[in-house]
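> What follows is a predicted structure for the sequence shown.
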Amino acid sequence: MHETRIPVIDVIIPAFNEEGSIAKVIEEIPSNWVREIVVANNGSTDATKELAENAGAIVVDQPKKGYGNACLKAMEHIAKNEVGPEIVVFLDGDYSDYPEQLTELVKPILENDVDLVIGSRAQGEMASGSMTPQQIFGNWLATNLIKMIYSYEFTDLGPFRAIKYPKLLELNMADKDFGWTAEMQVKAAKQKFKCDEVPVNYRKRIGKSKVSGTVKGTILAGHKILWMIFKNLL
C-alpha cells in the first residue's frame, strides 16, 4: 500500500475579533500537512493578531472590512512566495469548522484530480443551533439556483474548502465581502471545473457571528449571494 503524498498546502483564515477561538483553530490544523497558515486580520480590535502569531500563524493585516477583502489580502501574501502552493484551504477562525478534517477535504484533489472541494455541512453532522434557519434556507436556495442555472450540484456554500492554487488564480476572485464563497462556486461552475464535496462536521461558533448574528447582516449576505449567482450569467 503506497503512502499518500503530502502536497504543498497553504491555509487562509479570515478573522475579525476571534480572540476566543483563533488559537484553537490554528492548533488543530494538521501541521505536518500544511506549509503556511495565513490569518488575515480584518481590523480586529481584540487580541486576535497576537494570539494567531503565538499559535504559529503568519498574520497579514487587512483593515478594510469584508470577508472577501481578508481572503484577497492573504492571497497577496501567498503570491509573494517563491514557490506557490499546490492547494489552498480556506476555513473560518471561529472554531465552527473542524480543522482536523483538512486531510479529508483535500483527498479528492489528491486521489481524483478534483479542482475544487467544498466541505458540505449539509452532508456532515451539524450541531443543533450551529446554523440559523435563515442560513440553512439561504444555502438551500443558493445551491438550487446554481444547479438550475449552471447544472452543478452543490449542497452547501460552506467556508471550509480546498482548491488547486492555479485554479484559484484562474477564477480571478473579486468579491470583497459576503459573496466570496458563492463567487468561487459560481465561477468554478461557469468555467467547468471538476468539483466535489466531502461531508464536514459543524459546531456552534465561539462568539457571535458578524453576519448571521444580526438581521441586517443576514439580509445583506443573502442579497449579495443571490446577486453573485445572477451577475455571473452576464
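Yep, it's here.
> you'd agree residue 120 is up against residue 197?
Yes: the criterion here is CB atoms under 8 Å, and residue 120 meets it with residue 197 at 4.2 Å. The way it works is simple: take the backbone N, C-alpha and C, and place the C-beta from them, glycine included.
> Any chance you could list residues touching both of the two?
154, 155, 156 (CB atoms under 8 Å, 6 or more residues apart in numbering).
> thinking the first one is in contact with residue 145, fair?
It stands for residue 154. No: in this structure residue 154 lies outside contact range of residue 145 using CB under 8 Å: 10.3 Å.
> who has more neighbours, these two?
Set residue 154 next to residue 145 and count neighbours by other CB atoms under 10 Å: residue 154 wins out with 25 against 16.
> So, low pLDDT: which residues of this protein?
1-4, 208-220, 233-234 (pLDDT under 70).
> And the helices in it?
22-27, 48-54, 67-79, 102-112, 133-150, 165-171, 180-190, 215-231 (DSSP state H).
> With distance to residue 85 added, can I get the ones you listed in CSV?
What follows is the helices of the chain, written out as CSV (distance: least, CB to CB, whole Å):
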stretch, distance to residue 85
helix 22-27, 17
helix 48-54, 19
helix 67-79, 7
helix 102-112, 11
helix 133-150, 26
helix 165-171, 5
helix 180-190, 16
helix 215-231, 25
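> Just name the most buried of these.
Most buried of those, by mean neighbour count (mean count of other CB atoms under 10 Å): helix 180-190, with a mean of 23.
> one step back: looking at the helices of the chain, which is nearest to residue 41?
With CB to CB, the closest approach to residue 41 among those belongs to helix 48-54: 4.8 Å.
> just how off-centre is that closest one within its chain?
Its chain's average C-alpha position is 20 Å from that of helix 48-54, according to CA atoms, centre = their mean, to the nearest Å.
> Tell me which of the helices of the chain sits nearest to residue 96.
Shortest distance between residue 96 and those, using CB to CB, is found for helix 22-27: 9.3 Å.
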